[in-house]
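Visitor: Give me the fold of what follows.
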Amino acid sequence: MSVPYETAAYPEEHLDRLLGRALNSFELPDEVLTRLDSALAYDGSLHSAHHSAGLYRETHRHTWLLSDGSVLTLWELVHNTAPDGLVRHEVYADQEELSAATGRLPLPSDEPAPAAMDALRLPPVRLPPLTGSAPPYAPDDSADHLRRLLRRAENPDRPGPEAAAALRAAYAHEIIQAFGPPCRTGAGVCLSLYEHAFLLPGGRRTSLWEVEHTATPDGRHMCEVYPTEEAARAAMERRVAP
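Guide: Below is the predicted model:
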């Protein structure tokens, strides 16, 4: 596990970079910026990602630990769905605003799922949060996240319904970027590795590993999912083998 908050760089530097690249930073409430003046430490993580037909959308969670012991989170939306195809960065103070902005993007919906994946359509399990669990885990609809992860995997040896059944009790998850930058279609061959870590009752943790790459005949973006890090890294090595 990584340290939840990083102090190697000043927290205000992370904030300045975020506000500098966000087109709508002027819309943030003054109260939010005032509270961030007392930031002591910073943590950032990838929250979600969607890649389809050359378009992509990513959501990043930026969290600051404040001097009074509270935390403040800003949400960054990154996408290339504008007509000119350029990358846009937007920042929001709450998830409702983020959801509204995401809903305006011209990306295909994740629903409905193909009939072949009905076996992975697990009902969400509502369990109380694990007492004392530390960020960046957060209670979420982890069963739905698992279903979408396995549905977009294109490798024939991806985890099957058994993996979904084993994880049906997960009540929180975290996405950790383990290797490489996020892949950009049309930017040359790219390889990225993500760990999707799920928390189970009793504090147990289990993970699936997602490989994203553009090492395809037509350079398109492709996702593969493996049950272990070793299998995922072996797949990455095969993709770059001469």
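Visitor: Could you double-check that His62 lies in contact with Gly44?
Guide: Yes. Using CB atoms under 8 Å, His62 is in contact with Gly44, at 5.0 Å. C-beta coordinates here come from the backbone N, C-alpha and C atoms, glycine included.
Visitor: Would you mind identifying the helix or strand in this structure with the lowest mean pLDDT?
Guide: Least confident helix or strand, the chain: strand 138-139 with a mean of 53, by mean pLDDT, DSSP states H and E.
Visitor: And the next helix-or-strand element following that strand, what does it pack against?
Guide: Moving toward the C-terminus from strand 138-139, the next helix or strand (DSSP states H and E) is helix 142-152. If you count contacts as 3 or more CB pairs under 8 Å, 6 or more residues apart in numbering; DSSP states H and E, helix 142-152 packs onto helix 161-166, strand 172-179, strand 191-199, strand 205-213, strand 222-226.
Visitor: Off-centre distance for the first one?
Guide: Distance of helix 161-166 from the chain centroid (CA atoms, centre = their mean, to the nearest Å) equals 21 Å.
Visitor: Pull out the buried residues from it.
Guide: 163-164 (16 or more other CB atoms under 10 Å).
Visitor: which helices and strands does it pack with?
Guide: Applying 3+ CB pairs under 8 Å, 6+ apart, we find helix 161-166 packed against helix 142-152.
Visitor: and Glu237, what element?
Guide: Glu237 belongs to helix 229-240, assigned by DSSP H and E.
Visitor: Could you check that helix and say which residues are buried?
Guide: Neighbour-count burial for helix 229-240 [16+ other CB under 10 Å]: 231-233, 235-236, 239.
Visitor: Please apply the same query to stretch 204-219.
Guide: Buried, per 16+ other CB under 10 Å, within stretch 204-219: 207-215.
Visitor: same thing with stretch 165-183?
Guide: In stretch 165-183, counting by 16+ other CB under 10 Å, buried: 167, 169-176, 182-183.
Visitor: roughly how far apart are Ala164 and Ala170?
Guide: Ala164 sits at a distance of 10 Å from Ala170 (criterion: CB to CB, to the nearest Å).
Visitor: again, but for Ala178
Guide: 19 Å.
Visitor: same deal with Ala197?
Guide: According to CB to CB, Ala197 and Ala170 sit 9 Å apart.
Visitor: Val91 contacts Leu15, correct?
Guide: No. Using CB under 8 Å as the test, Val91 is too far from Leu15 to be in contact (10.0 Å).
Visitor: quick one: which of these two has more around it?
Guide: Shown here are Val91 and Leu15; by other CB atoms under 10 Å, Val91 has more neighbours (24 against 20).
Visitor: Leaving out sequence neighbours, find the closest residue to the more buried one.
Guide: Take Val91 and drop its neighbours on the chain: the residue closest to it by CB to CB, 6 or more residues apart in numbering is Ala22, 3.9 Å away.
Visitor: Compute the number of surrounding residues for that neighbour.
Guide: Residues lying near Ala22 (other CB under 10 Å) number 20.
Visitor: And Asp16, by the same measure?
Guide: Asp16 has 11 neighbours, counted by other CB under 10 Å.
Visitor: Buried residues of the lengthiest strand in the chain, list them for me.
Guide: In the chain, with assignment by DSSP state E, the single longest strand is strand 39-52. For strand 39-52, a neighbour-count test (16+ other CB under 10 Å) marks 39, 41-47, 49-51 as buried.
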